[in-house]
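let me see the structure of the following:
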Amino acid sequence: MDDLEQAIVISFETGAVDSALKSQAVTFCQQIKETTSICSICIEKLWFSKLVQVQFWCLQTLQDVLRVRYGSMSVDEQSYVRKSVFSMACLEVIDNENAVRVVEGPPFVKNKLAQVLVTLIYFDYPLIWSSVFVDFMPHLSKGAVVIDMFCRVLNALDDELISLDYPRTSEEISVAARVKDAMRQQCVPQIARAWYDIVSLYRNSDPDLSATVLDCMRRFVSWIDIGLVANDAFVPLLFELILSDGLSDHFRGAAAGCILAMVSKRMDPQSKLPLLQTLQISRVFGLVSGDVDSELVSKVSALLTGYAVEVLECHKRLNSEDTKAVSMDLLNEVLPSVFYVMRNCEVDSTFSIVQFLLGYVSTLKGLPALKEKQLLHITQILEVIRIQICYDPMYRNNLNLLDKIGLEEEDRMSEFRKDLFVLLRTVGRVAPEVTQHFIRNALANAVDPHPRAMLKKWKLRSRFCIHLERSGCLSELIPMLWTTQFPGQSYRLVALVYLENITRYMKFIQENSQYIPNVLGAFLDERGLHHQNVHVSRRAGYLFMRVVKLLKSKLVPFIDKILQNLQDTLSQLTTLNFASRELSGTEDGSHIFEAIGIIIGLEDVPAEKQSDYLSLLLTPLCQQIEAGLVQAKAASSEDFPVKIANIQFAIVAINALSKGFSERLVTASRPGIGLMFKQTLDVLLRVLIEFPKVEPLRSKVTSFIHRMVDTLGSAVFPYLPKALEQLLADSEPKEMVGFLVLLNQLICKFNSALRDILEEVYPVVADRIFKVIPRDGLPSRPGAVTEELRELIELQRMLYTFLHVIATHDLSSVFLTPKSTAYLDPMMQLLLNTSCNHKDITVRKACVQIFIKLIKDWCAKPYSEEKVPGFQNFVIEAFATNCCLYSVLDKSFDFSDANTHALFGEIITAQKVMYEKFGNAFLMHIMSKSFPSAQIPQDLAEQYCQKLQGNDIRGLKSYYQSLIENLRLQQNGSHVFR
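This is a model prediction of the structure:
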């Protein structure tokens, strides 16, 4: 080996080789690759080196160099490369006994040689090298080696240039069209004849070579003259091969692939239908009953489904009665085999079962009555749906454990089933009686004593119920659904679908209350809340809550039974050791408490029992919180999150429980219940005292306070100062957002009754917020938004809402208390800047509305004493000019946008209110300063004042918009006022 060969071998080494040496070898190879004589070097090595690594490197290098430098090579060098590569591919051995035959090398070397030859064809065929294919043909007589190489070249041509299965550039598409046109005119007939001769000659002596030729031919059928292959010579040969038992499945499958390519070729339906007739496809129907895992059955299955698709397409596109009859006969002939394939075989990925069956069923829609054969096909379609809708048993354990594979399979089947049920509904509309009869039988057979069958059949049964719901046949089937004991209940999917269906048909239960015990039994026993699979038991808790919401008072007689059956579940959920919960979020178990709260919170429950029930539930939860607080304070850093999680769940459970109790019940009719919730609120406020900075606890307690505001009403007032004080202590921007949300709820609930509390709280809130938010608002910063900035933006947005709620609930006097006046100026500057410049138009509108309300509250009629010194001047000079004029003049103020138009309406209202409150002071300012600064002509300004002093608000709005739009044109220099 010379240095280059050694370097190439080292660069390909994957085992224990010194990294520095390998890096040196790669560098050396790259240097050689960049020399001007690299093509000659590579060709010489290909003729004489027996090392496959060297052969592959040289071929890869040749391909890379040709792609980049071929156009800049000399004519002689191009000719040398073409002649050399072609000679290697055709087995033209040079006159040297040491010469190597590359075409006898391993497949990866031969494939790379074919790619190099195709690269040359890309550049030179047919303009420069027009005879490449014609010159190749005589060499096929050299035998299998050259024939194999010729097939590899044609396959590489398809892969690298012609096939549209890969993305192509516009240049590649143009070159492909050029190559195909030239081949059609020059050599395709000879190539097709060669395919036939080779397969005929080698079918017995070398079936693998014959299969290779057929696979190559299959690729070309789509763009060559169909008559070259779909003729009296080729078609009988291909069917003879397919039906020959003595040949390999691969060879027979290759022949089937060629027939499928002919069937799938894009043609005019008028020409396609006779072709499909002449194939006599029924000859291969029996082959699909063989081993479903064999290659032959797979190929024949693809052939039959592809054939059926093309026949159906012909039927759709042809209009004459004769051709429609012919196509329907062909379809009726092949459909039984297609249905067999759908039921028993692996369907080709390019074939859509649902799309094909929908297409067939649509051909039956317009028929006045279905014939016996069509009704049989409908039954077979329903059987296909029944089979396709079931999960593959191989995923049983994955689905039950719900691991990654199970989740992916469940998601895939969920999407596929949507399509299947579209098909089912379509079939039901075409043949309702057949469909209902089939579904009834399917449901009757679904209760199989074998649990593995249940995993498939129960899922099917429950899904078919949905179709029967639309056909009005539920009265006889739903009772069977409630009363059936099924052996597959231990499976997660079976149990979940069963419970989902019970919930789905609650309306039936509302009208037939005698089945309520059956429903409760399903949820309360091992089929639901006591299921061994935690995913099922938690989901059952959520579904049970939905059922309770629908049945409500109908469940009052069963309260004792419900609580008795849930005793162990509730005990588990309220145990401090229950920290390793497998689920969280919406199915964490809290829905059980919500369901119970809804039942026991009804006024139909006797007062004494209601109190006992609530005490039975609240007491252990409060004890869990109190004990948890003690343990959390003494816990290690590892145990602390567990203790906090227990406290957190108890708070969530109490919150959920309280949802069932109305304000009227706990404050008016049964105040004792209200007292119990007050005592619970006392306990929960201790959490804020003990752990004020633990965000999960803080958010859950805040959520409970929200709930108590709605539940206790004004009775919550004594607890608010303490609660608000704790929530406000050392609060970060994110926590302050939640605090403002609570204040907004309180203001909306209690209005002016909250004034005293708000006068104490607002100065603290303002002080915190205006320390982090500047008076001109948060600037728009380039680049990614950090989490800190995102929190400040959310806080600023919530501040606007808070100020708006205060102003619109007659509480603006809060801004004027001695403790609050220090924050009046930053608040006004922030509102002014936001009303003029904020990107969110709805926020700007809210700020304008705040100004309108403040003007109404703080400004009396003209010439009266100012309630807020300096406010009138600020509004006239700053707000009226900057917001009501300059911001509207900006081109970003888009009158065609609905939100912007609403903002403009508020600005008009603000101007009207300013005139009513400030009178001539407002008019004089805009006439003498604002309008002149905007270069508004005097006559137009006077017309505006006349409109403003009138009572036609719509006329004022229309005129002001026209004024602004004209002014914009004037500023652009494209319009002159007249």
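
CA atoms only for stretch 679-699, dumped as CSV, please.
Extracted in CSV, the C-alpha atoms of stretch 679-699 (Å, rounded to 0.1, in the frame of the first residue of the first chain):
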residue,chain,number,x,y,z
GLN,A,679,-63.1,28.2,61.1
THR,A,680,-61.5,26.4,58.2
LEU,A,681,-60.4,29.8,56.8
ASP,A,682,-58.7,30.6,60.1
VAL,A,683,-56.7,27.4,59.8
LEU,A,684,-55.7,28.1,56.3
LEU,A,685,-54.6,31.7,57.1
ARG,A,686,-52.1,30.1,59.5
VAL,A,687,-50.4,28.6,56.5
LEU,A,688,-49.6,32.1,55.2
ILE,A,689,-48.1,33.0,58.6
GLU,A,690,-46.0,29.9,58.8
PHE,A,691,-44.8,29.7,55.2
PRO,A,692,-45.4,33.1,53.5
LYS,A,693,-42.8,32.4,50.8
VAL,A,694,-43.8,28.9,49.7
GLU,A,695,-45.5,29.7,46.4
PRO,A,696,-47.6,26.5,46.0
LEU,A,697,-49.1,27.0,49.4
ARG,A,698,-49.6,30.7,48.9
SER,A,699,-51.4,30.2,45.5
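
contact partners of it?
Under the criterion C-beta atoms under 8 Å, 6 or more residues apart in numbering, residues 618, 622, 625-626, 629, 632-633, 644, 647-648, 651, 654, 701, 704-705, 708, 712, 716, 719, 722-723, 726-727, 729-730, 734-735, 738 lie in contact with stretch 679-699. In short, each C-beta sits where N, CA and C put it, glycine included.

go again with 6 Å.
618, 622, 625, 629, 648, 701, 704, 708, 719, 722-723, 726, 729 (C-beta atoms under 6 Å, 6 or more residues apart in numbering).

host element of the nearest residue to residue 38 once chain neighbours are set aside?
Excluding its sequence neighbours, the residue lying closest to residue 38 (C-beta to C-beta, 6 or more residues apart in numbering) is residue 65, at 5.8 Å. Assigned by DSSP states H and E, residue 65 belongs to helix 52-69.

distance between the ends of stretch 287-306?
Length of stretch 287-306, first residue to last, C-alpha to C-alpha, to the nearest Å: 16 Å.

could you do stretch 395-413 as well?
End-to-end distance of stretch 395-413 (C-alpha to C-alpha): 12 Å.

buried residues, it. List them.
By neighbour count on 16 or more other C-beta atoms under 10 Å, the buried set for stretch 395-413 is 395, 396, 398, 399, 400, 406, 409, 410, 413.

list the contacts of the strand or helix carrying residue 939.
Secondary structure assigned from DSSP H and E places residue 939 in helix 938-949. For helix 938-949, contacts defined as C-beta under 6 Å, 6+ apart pick out 915, 923, 927, 931, 956, 959.

tell me which of these fall in helices.
Of the positions in those, 915, 923, 931, 956, 959 sit in helices, assigned by DSSP state H.

now do the last one, the pLDDT please.
What it means is residue 959. Residue 959 carries a pLDDT value of 92.

likewise for the third one?
The predicted structure scores residue 931 at 89 on the pLDDT scale.

again, but for the fourth one
The pLDDT attached to residue 956 in the predicted structure is 92.

how close does it get to residue 299?
Noted for residue 956: a distance of 79 Å to residue 299, by C-beta to C-beta, to the nearest Å.

the more surrounded of those two?
Using other C-beta atoms under 10 Å as the criterion, residue 956 and residue 299 rank with residue 299 on top: 24 against 20.

got the residue ranges for the helices in the stretch 101-250 of the chain?
107-124, 132-136, 144-157, 170-186, 188-202, 207-220, 234-242, 249-264 (DSSP state H, counting those that start in this stretch).

which one of those helices lies closest to residue 536?
helix 249-264 (44.8 Å; C-beta to C-beta).

which of the residues in the closest one are buried?
Buried-residue list, helix 249-264, by 16+ other C-beta under 10 Å: 249-264.

stretch 854-868 too?
Under the neighbour-count criterion of 16+ other C-beta under 10 Å, stretch 854-868 has 854, 855, 857, 858, 859, 868 buried.

among the residues you listed, which are in helices?
Reading helices off the buried residues of stretch 854-868 with DSSP H, I get 854, 855, 857, 858.

how about the first one, what does it touch?
Read that as residue 854. residue 812.

distance-wise, check it relative to residue 816.
Distance from residue 854 to residue 816, by C-beta to C-beta: 10 Å.

what about residue 92, which helix or strand?
Going by DSSP H and E, residue 92 is not in any helix or strand.

save the helices of the stretch 101-250 of the chain as TSV, and put in mean pLDDT and distance to residue 44 too.
Listed next are these as TSV, based on pLDDT from 0 to 100; distance: least, C-beta to C-beta, whole Å:
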stretch	mean pLDDT	distance to residue 44
helix 107-124	96	15
helix 132-136	95	23
helix 144-157	96	21
helix 170-186	95	30
helix 188-202	97	32
helix 207-220	96	30
helix 234-242	96	43
helix 249-264	96	38
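
mind putting these into JSON lines with distance to residue 422?
Output for the helices of the stretch 101-250 of the chain, formatted as JSON lines (distance: least, C-beta to C-beta, whole Å):
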{"stretch": "helix 107-124", "distance to residue 422": "44"}
{"stretch": "helix 132-136", "distance to residue 422": "49"}
{"stretch": "helix 144-157", "distance to residue 422": "40"}
{"stretch": "helix 170-186", "distance to residue 422": "36"}
{"stretch": "helix 188-202", "distance to residue 422": "43"}
{"stretch": "helix 207-220", "distance to residue 422": "34"}
{"stretch": "helix 234-242", "distance to residue 422": "35"}
{"stretch": "helix 249-264", "distance to residue 422": "26"}
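
and of those, who's closest to residue 966?
helix 170-186 (49.2 Å).
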